[in-house]
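Student: Here is my input; please provide its structure:
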Amino acid sequence: MGPDEMGNATGMGYTGAKSVLLLSLLHGFLFLIAGSGTDAPTDSTTVDISSRRFRAEFLQEWQGSADAPYFDPSTPRNITGLVGHPVRLLCRVKNLRNRTVSWVRHRDIHLLTVGRYTYTSDQRFEAQHKPRSEEWALRIRSPQRRDSGQYECQISTTPPVGHAVFLNIVEPETTISSGAELFIQAGSTINLTCTVRHTPEPPTSITWTHVDQVINFDSARGGISLVTEKGMKSTSRLLVQRARGSDAGLYTCGPNNAPSAATRVHVLSGEHPAAMQQGCAKSSLEKATAIFCCILVFYVLCKPYEVMQFGT
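Tutor: Presented below is the predicted three-dimensional model:
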């Protein structure tokens with residue numbers, strides 16, 4: 001065999017070996033894909049499972065997931081508290097699993113708590129949670145009026161979901177239905193109703209005074225009675241029958257656990273008192289002044305038009 005023939009034979013042998021090697025590699029690749037057969041899922045199934053696992057574990061899908069965390073809808077959304085008395089905001093979370101719960105104040109988007117830890121320097125705020133409990137609470141010691149507003153309990157899903165709670169901090173108040181003044185005719189009944197609201201508990205006593213003197217219901221004057229009802233809103237109704245000139249003056253209602261309120265009673269004897277006359281005179285003067293101003297403005301606006309008409 002000549003050199004050329006030997007070269008051709010060598011080339012054909014190399015090409016054949018190369019083809020056998022490629023076929024072997026292809027066979028091995030196909031064996032790996034189909035090989036274990038029944039134990040391994042198909043490609044599409046593997047991709048689908050991986051995709052769902054990724055969404056569930058990393059994206060933490062909220063919508064459409066049967067085991068997603070959610071809030072107990074029966075938890076109160078409106079809380080009323082008293083100035084200086086501790087108040088507690090609460091949310092209940094089902095299926096929390098490995099997520100965390102936080103409390104955020106909407107007024108300044110301030111993070112207050114994360115889990116069982118408090119993340120604010122304001123020591124009046126405190127995170128509260130019992131292990132294995134569904135309740136996550138935000139406690140505010142000594143709340144003030146400025147603490148009123150919206151707070152949100154949030155779950156660390158993607159995106160986060162929240163449960164809004166509206167807090168209203170109020171102060172005890174006392175009012176008298178007649179307002180600052182009461183005018184009645186002599187011989188009629190003075191009827192004053194005092195209302196006490198927003199107290200930690202009903203007042204144990206409500207005292208009425210007349211011109212800085214405690215009203216004596218057993219006095220010789222007679223005709224004085226008091227009806228008191230205590231509860232979330234306490235009322236005290238003072239009745240003074242057959243009013244006379246000596247019954248006029250300042251009446252004050254003073255509950256033991258709320259600010260006092262006062263009203264001035266005027267007893268009329270056929271004529272209006274000087275205070276009412278001055279009030280009426282002042283009101284009439286104001287009306288007359290307003291009418292005069294309107295006429296003056298109308299005159300000033302119309303005068304240039306009249307001058308122009310006469311000039312032409």
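Student: buried sites along stretch 173-187?
Tutor: 174, 176, 178, 182, 184 (16 or more other C-beta atoms under 10 Å). For glycine as for every other residue, the C-beta is placed from the backbone atoms N, C-alpha and C.
Student: Reformat those residues as JSON lines; add secondary structure and distance to L89.
Tutor: Compiled in JSON lines, the buried residues of stretch 173-187 are given as follows (DSSP: H, G, I helix; E, B strand; the rest coil; distance: C-beta to C-beta, whole Å):
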{"residue": "T174", "secondary structure": "strand", "distance to L89": "28"}
{"residue": "I176", "secondary structure": "strand", "distance to L89": "34"}
{"residue": "S178", "secondary structure": "coil", "distance to L89": "39"}
{"residue": "L182", "secondary structure": "strand", "distance to L89": "42"}
{"residue": "I184", "secondary structure": "strand", "distance to L89": "48"}
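Student: just those residues: which has the poorest pLDDT?
Tutor: On pLDDT alone, S178 ranks lowest of the buried residues of stretch 173-187, at 91.
Student: And it, how far from I184?
Tutor: Distance, S178 to I184, using C-beta to C-beta, to the nearest Å: 9 Å.
Student: what's the overlap in contacts for the two?
Tutor: Residues touching both S178 and I184 (C-beta atoms under 8 Å, 6 or more residues apart in numbering) are V265.
Student: For I109, grab phi and psi.
Tutor: phi 50, psi 50 (degrees, to the nearest 10).
Student: quick revisit: quick check, nearest of the buried residues of stretch 173-187 to N98?
Tutor: T174 (52.0 Å; C-beta to C-beta).
Student: Which phi and psi values does the residue nearest to that closest one when sequence neighbours are not counted adopt?
Tutor: The shortest distance from T174 to any residue other than its chain neighbours is 4.2 Å, reached at A261 (C-beta to C-beta, 6 or more residues apart in numbering). Main-chain dihedrals, A261, degrees, to the nearest 10: phi -140, psi 150.
Student: Where do the helices of this protein begin and end?
Tutor: Using DSSP state H, the helices found in the chain span residues 3-34, 43-54, 274-311.
Student: and the ones you listed, which one is worst for confidence?
Tutor: Across those, the lowest-scoring stretch is helix 3-34, with a mean of 44.
Student: Could you pull up the residues touching N191?
Tutor: Applying C-beta under 8 Å, 6+ apart, the residues near N191 are 237-239.
Student: Who does it form a beta bridge with?
Tutor: L239 (DSSP bridges).
Student: Would you check how far apart it and V227 are?
Tutor: For N191, the distance to V227 - C-beta to C-beta - is 11 Å.
Student: No further questions, thank you.
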